[in-house]
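Visitor: Got a sequence here, can you model it:
(one chain, ligands or ions: 3)
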Amino acid sequence: MGRAGQRRTIVQKYGGTSVGSVERVERVADRIAETVRNGHRVAVVVSAMGHSTDALVDLAKQIMPIPVPRELDALLATGEQVSAALLAMALCKRGMHGVSLTGWQVPLLTDEVHGAAHIDRIVGHRIETLLEAGDVPVLCGFQGIASGDVTTLGRGGSDTTAVALAAHLRADVCEIYTDVRGVFTTDPRVVSDARKLPCVLYDEMLELAGLGAQVLHPRAVEVAKHFGVPLVVKSTFESDGGTEIVSEIEDDGSRIEGRESVTGIAFLRDVAKVVVVSLPLEKHGLAVIFGALASERINVDVIVQSVVTESDIDLSFTVQEDDALRTLNLVQYLQDRLGFRDVVLETGLGKVSIVGAGMISNPGVAAEMFGYLADASIPIRMVSTSEIKVSCIIAADLVDTAVQALHASFFTAIETAL
Ligand code: ADP
Ligand code: ASP
Ligand code: MG
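Guide: Ligands and ions are numbered 1, 2, ... in the order given. Next up, the predicted model:
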């Protein structure tokens with residue numbers, strides 16, 4: 001039994017790097033075995049090994065640059081099948097009954113949006129039955145089934161499988177094991193002295209994940225918040241308490257005024273901007289354009305409209321670079337109907353964002369951010385804000401410099417002052 005003598009239900013998710021080789025699969029099996037030996041019920045979710053999903057995407061693109069979505073999902077889902085089966089074998093070798101399960105074997109039902117499917121529900125009790133029998137189910141992350149077809153949840157989606165499974169099992173905790181010790185003030189690959197955060201609010205994590213902090217899939221945070229799943233991000237390789245995602249942070253008096261205004265910095269390097277030139281107001285172009293993009297599940301981000309004449313506007317908005325060509329095609333298709341003069345696509349952009357619940361009561365933070373970027377000679381192309389974040393669109397090749405400058409200003413300066 002566990003330390004408190006209590007039998008807990010734990011969902012453990014292991015990411016690509018954590019199962020990137022046979023040796024690493026064996027180490028993960030050791031960790032699972034230890035948790036099981038401590039008397040807990042463990043359900044596992046795995047990602048594909050290392051960068052194997054990228055390799056599969058490359059293969060598909062050699063056949064067609066924009067692969068048929070149904071077939072791309074069928075292909076990508078194979079990656080997780082490899083790691084799940086290997087891990088189940090490694091568990092069997094250790095005397096446990098590891099049972100790998102694909103999305104359709106569970107079954108885990110999703111909607112029909114290939115490449116960005118949302119989980120609908122987990123049907124039946126196959127996993128509970130295995131756990132009751134003392135077995136260890138090992139689910140393929142990232143995949144599901146819709147009307148008999150394989151779907152995938154979007155890159156990084158195994159986190160969401162794990163959280164959905166934890167919600168389904170009413171697990172005591174969902175542990176996301178990865179290649180860093182937890183959630184940091186920013187990506188430690190870009191800022192080597194980024195600090196690990198002991199806890200982060202669900203709302204902050206939602207923003208950070210949505211704005212590019214790869215460490216958790218945005219949908220995973222959304223589902224965890226909705227179902228109140230206790231979520232923790234930990235290292236597979238180092239022993240560390242990790243980062244807890246929580247609904248409130250107790251103030252023990254040790255937090256310093258101003259320190260909490262920015263919790264983290266996130267960034268994206270693959271932003272594209274679309275400008276629709278001279279869009280006549282009377283045709284309700286915004287509703288038509290964004291309606292068309294929404295029906296294709298293209299995520300529109302920063303939107304700016306500027307008045308050209310009394311009857312015309314210029315409309316600028318950003319999308320992910322991966323969606324840029326589809327977006328351009330869709331908007332061009334609407335040109336006759338809406339009567340705008342031109343549509344222009346610009347790629348090579350990025351986005352840096354600061355996030356923190358403390359910003360609500362700290363209106364000067366945006367101005368500080370703009371000032372720090374100006375000091376680093378980084379031109380700001382577009383801005384968007386919410387109560388707890390400020391995002392700036394900048395040139396993609398300036399993203400690293402911007403993140404380093406902002407981190408040094410918002411975090412290192414505070415530490416020096418302590
Ligand atoms: P996994 O394969 O385990 O799912 P990911 O590569 O998806 O791992 O996510 C972990 C990576 O996220 C880290 O290696 C790190 O480079 C990156 N990352 C980006 N932002 C952050 C952040 N704020 N805190 C921690 N890691 C971050
Ligand atoms: N294997 C998938 C990817 O690389 C899903 C995941 O890792 O979460 O995006
Ligand atoms: Mg991931």
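Visitor: Would you mind listing what in the protein touches ligand 1?
Guide: 15-18, 47, 156, 178-180, 183-184, 186-187, 189, 213-215, 264 (CB under 6 Å from any ligand atom). The C-beta positions use only the backbone N, C-alpha and C, and glycine is treated the same way.
Visitor: change it to 5 Å
Guide: Applying CB under 5 Å from any ligand atom, we find that the chain lies next to ligand 1 at Gly15, Gly16, Thr178, Asp179, Val180, Val183, Phe184, Asp187, Arg189, Ala213, Gln214, Val215.
Visitor: Among those residues, name the ones in strands.
Guide: Thr178 (DSSP state E).
Visitor: tell me, which of the residues of the chain next to ligand 1 make contact with ligand 2?
Guide: Gly16.
Visitor: got the contact list for the residue of the stretch 251-400 of the chain found nearest ligand 2?
Guide: Using CB to the nearest ligand atom, Asp322 is the residue of the stretch 251-400 of the chain that sits closest to ligand 2, at 12.8 Å. Residues in contact with Asp322 (CB atoms under 8 Å, 6 or more residues apart in numbering) are Asp270.
Visitor: Give me the neighbour count for the residue in the stretch 1-150 of the chain that ligand 3 sits nearest to.
Guide: Of all residues in the stretch 1-150 of the chain, the one sitting closest to ligand 3 is Gly15 (4.9 Å; CB to the ion). Counted with other CB atoms under 10 Å, the neighbours of Gly15 add up to 25.
Visitor: Thought Ala194 was touching Thr412, still the case?
Guide: No - at 10.1 Å, Thr412 does not count as touching Ala194 under the criterion of CB atoms under 8 Å.
Visitor: neighbour-wise, which of the two wins?
Guide: Using other CB under 10 Å, the more surrounded residue of Thr412 and Ala194 is Ala194, with 20 against 14.
Visitor: Where does the prediction get shaky in the stretch 251-400 of the chain?
Guide: 251-260 (pLDDT under 70).
Visitor: again with the stretch 1-150 of the chain
Guide: 1-5.
Visitor: Give the pairing partners of the longest strand seen in the chain; include direction for each.
Guide: Longest strand in the chain by number of residues (criterion: DSSP E): strand 264-280. Partner strands and pairing direction for strand 264-280 (DSSP bridges) are strand 312-320 (antiparallel), strand 342-355 (antiparallel).
Visitor: Pull up the residues of the protein that are close to ligand 2.
Guide: So the chain meets ligand 2 at Gly16, Ser47, Ala48, Thr53, Phe142, Arg155, Gly156, Ser158 (CB under 5 Å from any ligand atom).
Visitor: in the longest strand of the chain, what's buried?
Guide: 264-268, 270-276, 279 (16 or more other CB atoms under 10 Å).
Visitor: Taking those together, which two end up most distant?
Guide: Gly264 and Leu279 (36.1 Å; CB to CB).
Visitor: if we can go back for a sec, and what about the residue of the stretch 251-400 of the chain closest to ligand 2, helix, strand or coil?
Guide: The three-state label for Asp322, taken from DSSP: H, G, I helix; E, B strand; the rest coil, comes out as helix.
Visitor: Relative to ligand 3, how far out is it?
Guide: Asp322 sits 17 Å away from ligand 3, going by CB to the ion, to the nearest Å.
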